[in-house]
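>>> For reference, the sequence and a predicted model appear below.
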Amino acid sequence: MRLFLSFLLIAASASALAQRAADSSSLPEAPAAQVLAANAPETGVPLGLAAAPDAPAPTHPGVPISKQQPKRILGFMPNYRAVSAGAIPPPPTPKQAFKLATQNSFDYSSFLFVGLTSLLAKGTDAHPQLGKGPEGLWAYTWRGFVDKTDGNYLVIFALPTVFHEDERYFSKGEGGIWKRGIYAGSRVLITPNYHGHNTFNASEVLGRGIAEGVSLTYYPSEDRNAADIAEKYGYAIGRDALTNVFREFWPDIATHVLHRHP
């Protein structure tokens, strides 16, 4: 259920941005010379995309703009873990991994996401023992925040430092939809190590499992059964896989559907 709710939030955000893009299409067009100059071959901008004067600098220089992974998706969703297709940056240091975990946990959008999912979980009475009203909402919210935050630090920082795994998402950027989708979703099970070789993603699989074990200390005893724990664990892994798929196709959506820079 929570995985479905997460998908709805992502889809709603995309729909809102698409509407904004449609509204902006009524603005006066830029002069032809300006469009041609903005789409010169060396820029890597696909024909039909004019570079705005205040366009952000590429996240990964040398990668075509149409394949760039931005630091934020839809203007607010943190995307710091994504690496643009074709880019091969060095593995993150423990300090950089800690920063990534912190950015993903304490970004303002994280509080918004936790608040919305907690409100929806409360609305569906996912944990009746947590109560109703404002106190019940707070009980859902702080638990949801702890679930997300300790999982982030385990998956992005602590365990990758121990196992020497790179938990960033390396975009594929080419190939068929199914091939790219399967690749993106499978990154929760496969990840490169510090030497660039694919390995079993122990950081993700164990990290989410440890986080679920920790959650046994602050969820009601009625929810501490195998079925509920398995459901929460599956949700966490599924959410990460779905996020990777969305990251993979976001440059294509931005470029070919919304006609804007990623």
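Arrived safely.
>>> to the chain's geometric centre, what's the distance from stretch 244-254?
Distance of stretch 244-254 from the chain centroid (CA atoms, centre = their mean, to the nearest Å) equals 10 Å.
>>> Could I get the average pLDDT for it?
Along stretch 244-254, the predicted confidence averages to a pLDDT of 95.
>>> now stretch 202-214
Averaging pLDDT along stretch 202-214 yields 96.
>>> buried ones in that stretch?
Along stretch 202-214, the positions that meet the burial threshold by neighbour count (16 or more other CB atoms under 10 Å) are 203, 204, 205, 207, 208, 209, 210, 211, 212. C-beta: built from backbone N, CA, C; applies to glycine.
>>> now swap in stretch 214-225 and tell me
Here stretch 214-225 shows 215, 219, 223 as buried, counting by 16+ other CB under 10 Å.
>>> Send over it as CSV, restricted to the C-alpha atoms.
In CSV, the C-alpha atoms belonging to stretch 214-225 read as follows (Å, rounded to 0.1, in the frame of the first residue of the first chain):
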residue,chain,number,x,y,z
VAL,A,214,15.6,-1.2,14.7
SER,A,215,12.0,-0.2,14.0
LEU,A,216,10.8,-3.1,16.2
THR,A,217,11.8,-0.9,19.2
TYR,A,218,9.4,1.9,18.5
TYR,A,219,6.4,0.4,16.7
PRO,A,220,3.5,-1.1,18.6
SER,A,221,4.0,-4.7,19.7
GLU,A,222,0.9,-5.7,17.6
ASP,A,223,3.0,-4.8,14.5
ARG,A,224,6.0,-6.8,15.4
ASN,A,225,5.2,-9.9,13.5
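>>> All set now, cheers.
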